[in-house]
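# Would you be able to build a 3D model of this:
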Amino acid sequence: WNWMTISASKNATLTLDNTNMTMDGTGTADNTHAIYFGSNNKLNVQNGSNLTIQNYKQDALEWDGGDGGYNCNITGGSTFISDNNRSGFTGTFYVTVDDSDVKVINSTGSGSNGSYFTIQNDSNVLFDNNSYWGISAWRIDMSDDSTLTATNNGYSGVWTRVLNVDKTCTLDVESNGKKAGSAATNPGIFFQGNGQFKSTIEEGANVTIKDNAGSGIYTKQTVCDLTIGSATITNNGSGSVNENRIGAENGGGIYNIGTLKLGKGVTISGNTAKNGGGVYTKGGKVTINNSTITENKATGNGGGIYAYGDTNRTSGNNTITLEGNTITYNTSKGTGGGIHLANANQIMTSLNDTIEYNEAASTGGGVHVASGSELLMNGGSISYNNAKVGGGIYHASAKKPITLNGVTVKGNTANSGAGAYLWASGRSEERRVGK
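Sure thing, here's the model as predicted:
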């Protein structure tokens, strides 16, 4: 075969032990791969070895689409670099990076396509400036002070079905979506999800998701189940890094249609979208505890949070449960500066949340409750918010109740209904709630 530099036959193993090896595809034919795996092969780069593959028109590591069992083990202080190839890893590889470094940069296609990555023991993995997806993987597991960086990629920095990051690790996803043509391909992290496995970013993990063209995190399927204990998700969604200025349609910080849990180490700030500048959820099940959602912007509705009730979803979905959160200084050019509850069957329960200093150009500076949605708040504050109508709360229909128990409502401003504006039985009713 004349379209690869190295061909691995069935059950073959290639091991680099304390070895430096460079493969340069400059001048090779356009159809040439560097290393081509045939069946049940292993590549071991170990004991301080360095493997660099560069300048191939095709892939650095390529599988034949056969019966699996393709393993890449980069261990013991070793380094693997793929630079200016079509892709670094193409196919269903099981990649273990242990106390080692991997760099996949400047790919003319995606950095990887479909592999399983285990990154452990103070390893450092970089996917930077790849033309399409950065690291595209079926599963990513990180542990023991390891770092994964995905930056400056044409589409999303990370595409995965399963993502687990332990509390000692660092995940940095920045400035991705440069060439993407839609809001579905320009997020920082594109989370496909899997019905069998849940994903967790542990509290204490050092996670930064910022300056991506689209959503910071974009969930694709209703089976997505993601828990985030710690993350700073900031300045996503504006489209400023995209060559055609394509940003986030919905959910500048997070777009969710599955199950989402956010913990006390999460800050969502400075993000932008048409709806849901901070968080957008459609028909999902969302729990947010002790998080900070601040200074996000919606050019439409829901500056901080936009929750859309999906009438096609089963009971138990269409819920958003908040406790101890700070939702402040968010703005919308439409309705719901802090929170917008939209459509029938959307239920929001709040305990001791601070919803303050938000602003909507139209209705519901603090919270906008659309027809058919429900709001139950115990404790907390809806204060110092501003809107044209319903400075604190705007309630669009009496079909479903709003209930406030021990909630502080003060200092809100509006032309009508500074504290709350209630619309009932086809007519408007301005009722003073607070000041």
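
# ok, Ala184 - contacts?
190, 214, 218, 220 (CB atoms under 8 Å, 6 or more residues apart in numbering). Placement of C-beta: from N, CA and C, glycine included.

# could you dump the residues you listed to a markdown table with neighbour count?
Output for the contacts of Ala184, formatted as a markdown table (neighbours: other CB atoms under 10 Å):
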| residue | neighbour count |
| --- | --- |
| Phe190 | 27 |
| Gly214 | 34 |
| Tyr218 | 30 |
| Lys220 | 17 |
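
# how near is Asn330 to Gly25?
50 Å (CB to CB, to the nearest Å).

# try Ser291
As judged by CB to CB, Ser291 and Gly25 stand 47 Å apart.

# Next: Ile305.
49 Å.

# which one of those two has more residues nearby?
Under the criterion of other CB atoms under 10 Å, the comparison of Ile305 against Gly25 puts Ile305 first, with 33 against 20.

# if I look at that one, how far off is Gly366?
Distance of Ile305 to Gly366, given as CB to CB: 11 Å.

# Quickly list what's touching both of those two.
Residues touching both Ile305 and Gly366 by CB under 8 Å, 6+ apart: 338-339.

# mind showing which ranges of this structure have poor pLDDT?
Residues of the chain that meet the criterion pLDDT under 70 lie in 1, 65-69, 311-317, 344-345, 398-399, 424-435.

# What are the phi and psi values at the residue nearest the centre of it?
Using CA atoms, centre = their mean, the residue of the chain that lies closest to the mean C-alpha position is Ile217, 1.5 Å off. In terms of degrees, to the nearest 10, the main-chain angles of Ile217 are phi -130, psi 130.

# I figured it hits Ile209, correct?
Yes: the criterion here is CB atoms under 8 Å, and Ile217 meets it with Ile209 at 6.6 Å.

# Can you report how many residues lie near Ser182?
11.

# so where does it fall, helix or strand?
Here Ser182 sits in a region with no helix or strand, counting by DSSP states H and E.

# That one reaches Ile246, doesn't it?
Yes: applying CB under 8 Å, one finds Ser182 in contact with Ile246, separated by 6.7 Å.

# Now do the contacts for the residue nearest to Gly364 when sequence neighbours are not counted.
Spatially, and ignoring its direct neighbours in sequence, Gly364 is nearest to Tyr394 (3.6 Å; CB to CB, 6 or more residues apart in numbering). Each residue near Tyr394 by CB under 8 Å, 6+ apart is listed here: 335-336, 363-364, 367-369, 387, 417, 420-421, 423.

# 10 Å instead, please
With contact taken as CB atoms under 10 Å, 6 or more residues apart in numbering, Tyr394 is in contact with 335-336, 340, 360, 362-370, 387-388, 414, 416-417, 420-423.
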